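A.B. asks: please work out how this folds:
(one chain, ligands or ions: 3)
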Amino acid sequence: MSVHNPDIKRITTHVIQELKSKGEKISALTAYDYSLARLVDAAGVEIILVGDSASNVMAGHETTLPITLDQMIYHATSVVRAVKRALVVVDLPFGSYQGNSSEALRSAIRIMKESGAHSVKMEGGLEVRESIIRVLSAGVPVMGHLGLTPQSIYKFGTYAVRAKEETEAQKLLEDAKMLENIGCFAVVLEKIPAALTKQVSESLTIPTIGIGAGPDADGQILVLHDLLGINKEFKPRFLRRYADLHGVITQAIGHYVDDVKDREFPSKEEAY
Ligand SMILES: Nc1nc(=O)c2c([nH]1)NC[C@@H]1CN(c3ccc(C(=O)N[C@@H](CCC(=O)O)C(=O)O)cc3)CN21
Ligand SMILES: CC(C)C(=O)C(=O)O
Ligand SMILES: [Mg+2]
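C.D. replies: Residues are numbered from 1 along each chain as shown. Ligands and ions are numbered 1, 2, ... in the order given. So this is what the prediction gives:
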């Protein structure tokens, strides 16, 4: 649709990289559906991530592990239909790329072909190097993801801050450089010390996108539903809530229920 509208310039991976060289911070948010993706895109966010956090936020699972490739494609397809300007990145879900590079390529190609998204994200460093290389070689832009990688939660056991130890921090820095060298266009840094984020961001030419990673990442990402305050329970320290939609929505629905019970809705004007 947007290709027919000369007023809207699509954001490419190159535009994202230019933002870092110009010293302009990059804003990113998740979206999983058409209606909210339209709002996020129109508000000027540069990157929309169809995150596998849809597993938690949309489906109510405890972790991101259960969401399937088909379900990710369904969410991505809805988001792509809504977006005119932002770069759309889609998480490859757990189990769709770790096994071998052929499976990774097959999964990434299904996402690109069936949803029309512009790029994919994969969690991990050296462990998934061959898979990322294979996907990149097919011309699919890849965003890396280091630090707290929720798809391997059962390896670590907690959602605590990652890479606090020097050896872990060194591995993360090496992984980040490796991701840049093989051709990733950006890398998410999740829940790591702010000082490490600064060091990684200064060592790379590709942008870092932080979540719980402090102010020195080249961009920031949050889960949209967290930022809007839809979920009252999830409140890690890194989260800033910009609205209380939990309160707004609860009040609106309560008002509706009262009006129905009190025969206040619908009125004569709202009837035929
Ligand atoms: N709604 C939502 N928001 C997210 O940011 C998000 C998801 N879902 N699902 C996938 C991952 C998981 N993420 C998480 C999960 C937990 C913490 C966290 O910090 N939790 C607790 C306990 C931490 C601890 O064990 O020390 C906290 O209080 O901060 C952070 C990011 C980030 N992602
Ligand atoms: C939190 C972001 C980076 C993510 O991977 C997701 O939403 O799935
Ligand atoms: Mg994710």
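
A.B. asks: contact partners for the residue lying closest to Leu136 once chain neighbours are set aside?
C.D. replies: What sits nearest to Leu136 in space, not counting adjacent residues and going by Cβ to Cβ, 6 or more residues apart in numbering, is Gly183, at 4.8 Å. (Glycine included, C-beta is placed from N, CA and C.) If you count contacts by Cβ atoms under 8 Å, 6 or more residues apart in numbering, Gly183 has them with 133, 136, 142.

A.B. asks: does ligand 2 sit close to the helix or strand of the chain with the lowest mean pLDDT?
C.D. replies: Every helix and strand of the chain was ranked by mean pLDDT, DSSP states H and E. The lowest is helix 153-156, at a mean of 96. No. Helix 153-156 is not in contact with ligand 2 by Cβ under 6 Å from any ligand atom; minimum separation 12.2 Å.

A.B. asks: contacts for that helix next, please.
C.D. replies: 63-65, 159, 162.

A.B. asks: go again using 10 Å as the cut-off
C.D. replies: 62-65, 94, 148-150, 159, 162 (Cβ atoms under 10 Å, 6 or more residues apart in numbering).

A.B. asks: quick check: the residue of the chain nearest ligand 2.
C.D. replies: Gly51 (2.4 Å; Cβ to the nearest ligand atom).

A.B. asks: and that residue, how many neighbours does it have?
C.D. replies: Other residues within reach of Gly51, judged by other Cβ atoms under 10 Å, total 28.

A.B. asks: how about the residues of this structure by ligand 1?
C.D. replies: 53, 56-57, 64, 150, 158-160, 191, 223, 225-226, 234, 236-237.

A.B. asks: narrow those to just the buried residues.
C.D. replies: 53, 56-57, 64, 150, 191, 223, 225-226 (16 or more other Cβ atoms under 10 Å).
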